[in-house]
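*Asks:* Prediction below, plus the sequence it came from.
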Amino acid sequence: RKKAELEKTLLKVMCRTERIATTRDHNSMLTEIERAALLTPADLQHAAKVDAVANCVKAGEQLEYWKSAPYLINFLKYYEFRRKLDTQLSVPSDSLRKALGSAKGHMLTKEKWEVYQSIDPANPRMRVLFEDTIDKGMWQLLWMPPSMPYYKPGGAYENKRNLTKALVFSAWSAVPDAIASICSHEAERKMLAATSVKHSELYDRIKPLLKFSATSNETRLTGMPVIAWLLPSPTLATKIDPLKISLGCKCGPLHPQQMREEVKAICRNLIETLPTPGEGTRVDERWYWAAPILLDSRNGLLDWCRSDSGWMVATPDRDPGTRFKDHLDMLIRMATGNIALGPQPDDLVDVLCDLALAGPGVCALRALRRIGTELDTSDPILLSAAARIASGLRTLFNLPETIALLRGSGEDSYWRLTLQYGVDGNLQALLDEYVHVLRESLGLQDHDQEIQVAKIAERIQSVLSLRTAQIRIDDIQPLNGGFEIEAFNTRCRFALRFGDFTDDKGEVKRAGLVRDAFNSPFRPFVLASTSIGQEGLDFHTWCHAVVHWNLPSNPIDLEQREGRVHRFKGHAVRKNVAAKYGLPTLAEVHVSGDPWQTLFQIAVKERSDTDSDLIPYWIFEEGEARVERRIPLLLYSKEVSKLKRLKTGLALYRMVFGQPRQEDLLFSLSQNGAHESADLTDWLISLEPPDVVKNKEDIPK
């Protein structure tokens, strides 16, 4: 009776449809990955050194901090331990001087950081995080692998399909700083392995290569290939489409070489339509950038290039000394037939092929056109939106660590290396998926298509233009018989702390920008947060793994954390929809626009009459991807028993208010035999919407 009264009262103000009942195994599409975070002798030595320093300053037990964060002396700012230590640094006792001297090898120093010395994770949980991210090759990636590649990924993206971003929750504010700085440093160190550059010299030693400049004697503009790289060519975007080519083959993702051959065949036909080359013995490399604009010399692209509200306004180049306008004028002169060209390079077809498959302007134009089907490919609004996305990708490829990574993989001109990387990483499939996600996450479905493409381009450019975050690390150095703090800054991009941050220009950026970047396919790939990020925020678009660095104090928080990545059309859902249907199914239907919209429409049609409407948008199990509950556990620590209590509490809480995951419930029952004989259904409070509403009084308010 009491249960019925409570249900009736609650249904007046709330209702909930249970995801757990929707899944076949009653586990809410969630899997638990419990990892043993193994200790090393160095970890224990670090604990002993920190303990010795803490005893000298009477700071109390530091064991809980040591279990969570590495290099405590560096990262425990604003904690009692550091406050007491800082007051004694200038005039330390003999015991403190000895303890700090002995702990020197267990601290981060500017000297180690500066030369990109390999940094020990120095913590069992950090070691597990390395294994799940950096050690799986994520440092080689500039974006997450697309859920539905149009041809088999190559290069750095080969065998990377199962990767996802990691959302980390910790109880201590020192942990996000440690994760962001140490993970980012290790990723950057690996990217720069082929160089001898120092940390503080990176932006001075490695300058952007995709720029608009001229030779020293001002006789030649050197950035014309970059213009072609950025150009949103309607001809290349419409005459060539890797998605349509794959669908036409009806055999799933093609091998990259097969895709290239298909595209090159089209490019050869396009080259036949170009002006006849002039005579001569020397190859004219201007064809590389001239060919794309000559293909579009008779459509609206040229008018957009000339317009005062066109390319110059869409992506104003603010680099010091830029010659972008001069480059654009040269492109227009070429398109109007005012420049004679010599013999074509033998590999012109290869360059056109790569521009068609991975040219940022071309790929952006295709991706936006998939949702802007009513817009002409030469529509100025569409061209400007594509140019903005291409400009953002130029920022990404101009980062010094990106340049070092790509130049270590080949000897070609840098702009051609970026195209090869884009081909390997299925840039077109990636942008198509991202545009589909943004259209809904930005709430643009009911807006005009002009507004949709403009807003989506604005968001993508903003995400790609986000500068590196800065974290200050305290380095304690000896001085005049005592010690002083010499703080140094480190860049964070691979991993970030959730919250406001200061970028490398000293400007404060809001937490919303960090969330937007994490909800993009681009970096950061790891986001570390305290409880501030565990309720009411979505982090699911490119992440389906939650790392419980520290276990929460109650089961509700455990569920709240995991709910951040278990949302509408989340990363795991899209992976599974692509695995179930994907290219083979799309090949059997007519795809005129957004392929992802078509995929979900197919999934809805194949849903059985008894299935919940949560399928396929919130729950889709036809694949291997799951929302991952990752728990790096220190063996024999009290977290082991705490996890058991949390899972038992979560199962009982969900049994009363909703439905428990099957594994959590079975675990709970196994822990307490008294529950085995209880009629658990007597406890269940159901807040599902009524199947039939007989009158207005029955409708929940």
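*Replies:* Perfect, thanks for sending it.

*Asks:* by contact count, what packs against the helix or strand hosting residue 99?
*Replies:* Using DSSP states H and E, residue 99 falls within helix 94-102. Secondary-structure packing of helix 94-102 (3 or more C-beta pairs under 8 Å, 6 or more residues apart in numbering; DSSP states H and E): helix 41-56, strand 482-492. C-beta: built from backbone N, CA, C; applies to glycine.

*Asks:* What's the mean pLDDT across the helix or strand that the first one is followed by?
*Replies:* Yep, that's helix 41-56 we're talking about. On the C-terminal side of helix 41-56, the nearest following helix or strand under DSSP H and E is helix 63-68. Mean per-residue pLDDT for helix 63-68: 94.

*Asks:* So which bits of helix 63-68 are buried?
*Replies:* Neighbour-count burial for helix 63-68, counted by 16 or more other C-beta atoms under 10 Å, picks out 65-68.

*Asks:* Quick check: next helix or strand after that helix?
*Replies:* Defined by DSSP H and E, the subsequent element after helix 63-68 is helix 72-75.

*Asks:* if we can go back for a sec, closest one to residue 497 out of the buried residues of helix 63-68, please.
*Replies:* Of all the buried residues of helix 63-68, residue 497 sits closest to residue 68, with 14.4 Å by C-beta to C-beta.

*Asks:* quick one, what contacts that closest one?
*Replies:* 123, 125, 170-172, 174-175, 549-550 (C-beta atoms under 8 Å, 6 or more residues apart in numbering).

*Asks:* Most widely separated two among those?
*Replies:* 123 and 171 (14.5 Å).

*Asks:* which of the two has more neighbours?
*Replies:* When residue 123 and residue 171 are compared for neighbours, residue 123 comes out ahead with 29 against 15, by other C-beta atoms under 10 Å.

*Asks:* Skipping its backbone neighbours, what lies nearest the more buried one in space?
*Replies:* Leaving aside its sequence neighbours, residue 123 sits nearest to residue 70 (C-beta to C-beta, 6 or more residues apart in numbering; 3.9 Å).

*Asks:* Now the one you found: phi and psi?
*Replies:* As for residue 70, its main-chain torsions (degrees, to the nearest 10) stand at phi -80, psi 160.

*Asks:* residues touching it, list them.
*Replies:* 46, 120-123, 126, 178, 182.

*Asks:* picking that back up, can you convert the contacts of residue 68 into CSV and add a column each for pLDDT?
*Replies:* Putting the contacts of residue 68 into CSV (pLDDT from 0 to 100) gives the following:
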residue, pLDDT
123, 96
125, 97
170, 95
171, 92
172, 93
174, 95
175, 97
549, 96
550, 95
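
*Asks:* Can you say which of the residues you listed are buried?
*Replies:* If we count by 16+ other C-beta under 10 Å, the contacts of residue 68 have these buried: 123, 125, 170, 172, 174-175, 549-550.

*Asks:* Go through these and flag which are in helices.
*Replies:* Those of those mapping onto helices are 125, 174-175, per DSSP state H.

*Asks:* between these, which is closest to residue 200?
*Replies:* Nearest to residue 200 among these, counting by C-beta to C-beta, is residue 174 at 24.0 Å.

*Asks:* That closest one: what's it in contact with?
*Replies:* 65, 68-69, 72, 75-77, 79.

*Asks:* Roughly how far does it sit from residue 47?
*Replies:* Using C-beta to C-beta, to the nearest Å, we find residue 174 at a distance of 15 Å from residue 47.

*Asks:* okay, now residue 590: neighbour count?
*Replies:* 7.

*Asks:* Check residue 332 too.
*Replies:* Neighbours around residue 332, by other C-beta under 10 Å: 15.

*Asks:* can I assume it sits in a helix?
*Replies:* Yes. Under DSSP: H, G, I helix; E, B strand; the rest coil, residue 332 falls within a helix.

*Asks:* list the contacts for the closest residue in space to it that isn't next to it in sequence?
*Replies:* Leaving aside its sequence neighbours, residue 332 sits nearest to residue 305 (C-beta to C-beta, 6+ apart; 5.6 Å). Residue 305 is in contact with 293, 311, 328, 331-332, 335, counting by C-beta under 8 Å, 6+ apart.

*Asks:* Likewise for residue 456?
*Replies:* Residue 456 is in contact with 368, 371, 385, 435, 438-439, 442, 444, counting by C-beta under 8 Å, 6+ apart.

*Asks:* Now do the same for it: its pLDDT.
*Replies:* At residue 456, pLDDT is 98.

*Asks:* Please state the offset of the helix or strand containing it from the chain centre?
*Replies:* Element membership for residue 456 (DSSP H and E) is helix 449-464. Counting by C-alpha atoms, centre = their mean, to the nearest Å, helix 449-464 is centred 17 Å from the centre of its parent chain.

*Asks:* again with stretch 418-435
*Replies:* 14 Å.

*Asks:* How far does it stretch from one end to the other?
*Replies:* 21 Å (C-alpha to C-alpha, to the nearest Å).

*Asks:* Equivalent analysis for stretch 49-66, please.
*Replies:* Terminal-residue distance, stretch 49-66 (C-alpha to C-alpha): 11 Å.

*Asks:* Show me which positions of it end up buried.
*Replies:* Neighbour-count burial for stretch 49-66, counted by 16+ other C-beta under 10 Å, picks out 49-54, 56-57, 59, 62, 65-66.

*Asks:* just how off-centre is that stretch within its chain?
*Replies:* 37 Å.

*Asks:* Likewise for stretch 196-208?
*Replies:* 24 Å.

*Asks:* again with stretch 555-563
*Replies:* Per C-alpha atoms, centre = their mean, the displacement of stretch 555-563 from the mean C-alpha position of its chain is 22 Å.

*Asks:* which one of the buried ones among the contacts of residue 68 sits closest to residue 451?
*Replies:* residue 170 (39.6 Å).

*Asks:* Leaving out the residues flanking it, which one is nearest to residue 51?
*Replies:* Leaving aside its sequence neighbours, residue 51 sits nearest to residue 62 (C-beta to C-beta, 6+ apart; 6.2 Å).

*Asks:* Just list the residues touching the one you found, thanks.
*Replies:* Contacts of residue 62 by C-beta under 8 Å, 6+ apart are 47, 50-51, 54, 72, 81.

*Asks:* now with 7 Å?
*Replies:* By C-beta atoms under 7 Å, 6 or more residues apart in numbering, residue 62 lies in contact with 50-51, 54, 72, 81.

*Asks:* go on, residue 459?
*Replies:* 438, 442, 516.

*Asks:* Just the buried ones among these, please.
*Replies:* 438, 516.

*Asks:* Throw the contacts of residue 459 into TSV and include distance to residue 641, secondary structure and pLDDT, thanks.
*Replies:* Listed next are the contacts of residue 459 as TSV, based on distance: C-beta to C-beta, whole Å; DSSP: H, G, I helix; E, B strand; the rest coil; pLDDT from 0 to 100:
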residue	distance to residue 641	secondary structure	pLDDT
438	44	helix	98
442	44	coil	97
516	39	helix	96
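
*Asks:* Looking at the contacts of residue 459, which is nearest residue 110?
*Replies:* residue 516 (31.9 Å).

*Asks:* right, and the closest one touches residue 463 too?
*Replies:* Yes. If you go by C-beta atoms under 7 Å, residue 516 and residue 463 touch, sitting 5.6 Å apart.

*Asks:* residue ranges of the strands in this structure, please?
*Replies:* Assigned by DSSP state E, the strands in the chain fall at 30-37, 165-169, 469-479, 482-492, 495-497, 501-503, 508-509, 526-529, 543-548, 627-634.

*Asks:* mind putting these in a markdown table, mean neighbour count and distance to residue 209 included?
*Replies:* Converted to a markdown table, those look like this (neighbours: other C-beta atoms under 10 Å; distance: least, C-beta to C-beta, whole Å):
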| stretch | mean neighbour count | distance to residue 209 |
| --- | --- | --- |
| strand 30-37 | 16 | 40 |
| strand 165-169 | 27 | 28 |
| strand 469-479 | 18 | 24 |
| strand 482-492 | 18 | 19 |
| strand 495-497 | 28 | 26 |
| strand 501-503 | 18 | 22 |
| strand 508-509 | 12 | 26 |
| strand 526-529 | 28 | 28 |
| strand 543-548 | 26 | 31 |
| strand 627-634 | 21 | 38 |
